[in-house]
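In: can you look at this prediction? I've put the sequence above it.
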Amino acid sequence: MNKEEQKQLIIDIMNEDARDGLYKQQTAVEWLENELSKIGLTHEVIGDKIQKAKEMEKEQIIDAWIATDNELQRLSAEQYYKKTYGGKK
């Protein structure tokens, strides 16, 4: 599975989880949006900037997930290699 296919799969899972109400944590951007609304900056005033920030945050989360998954796979493969072949490269 290439990186774009991985990204799309993660996006699909995240969207399905969001529809099911599985997200309970608040992202930093959502927290900031709530705080700004408390001081009178409404979504109409900052909505496009908040939406762009949410999109950027989502991309960063997805990229981090893919990088972590790839790193774990690499480490696992390296551990297998060391165990099987005595760590000789």
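Out: Received it, and whenever you're ready, just let me know what you need. Residues are numbered from 1 along each chain as shown.
In: distance of the spatially most central residue of the chain relative to Glu35?
Out: When the chain is reduced to its mean C-alpha position, the nearest residue by C-alpha atoms, centre = their mean turns out to be Ile61, at 2.1 Å. Per C-beta to C-beta, to the nearest Å, Ile61 is found 20 Å from Glu35. Every residue, glycine included, has its C-beta placed from N, CA and C.
In: and if you look at Gln73?
Out: Where Glu35 is concerned, Gln73 sits at a distance of 38 Å (C-beta to C-beta).
In: longest helix of the protein?
Out: Ranked by residue count, the top helix of the chain under DSSP state H comes out as helix 43-85.
In: the closest residue to Ala53 other than its chain neighbours: neighbour count?
Out: Counting by C-beta to C-beta, 6 or more residues apart in numbering, Val29 is the residue found nearest to Ala53 once chain neighbours are left out, at 4.6 Å. Applying other C-beta atoms under 10 Å, we find 18 other residues in the vicinity of Val29.
In: could you double-check that Val29 sits in contact with Glu59?
Out: No - look at Val29 against Glu59 with C-beta atoms under 8 Å: they stay out of range, at 12.0 Å.
In: give me the phi and psi angles of Thr42.
Out: Per-residue torsions, Thr42: phi -80, psi 170 (degrees, to the nearest 10).
In: for this structure, which spans come out with low pLDDT?
Out: Applying pLDDT under 70 to the chain flags the ranges 21-24, 80-81, 84, 87-89.
In: could you rerun that using 90?
Out: Counting by pLDDT under 90, the chain shows low-confidence ranges at 1-49, 51, 54-55, 57-89.
In: and the gap between Ala53 and Asp63?
Out: 16 Å.
In: now do Ala18
Out: Separation of Ala18 from Asp63 (C-beta to C-beta): 19 Å.
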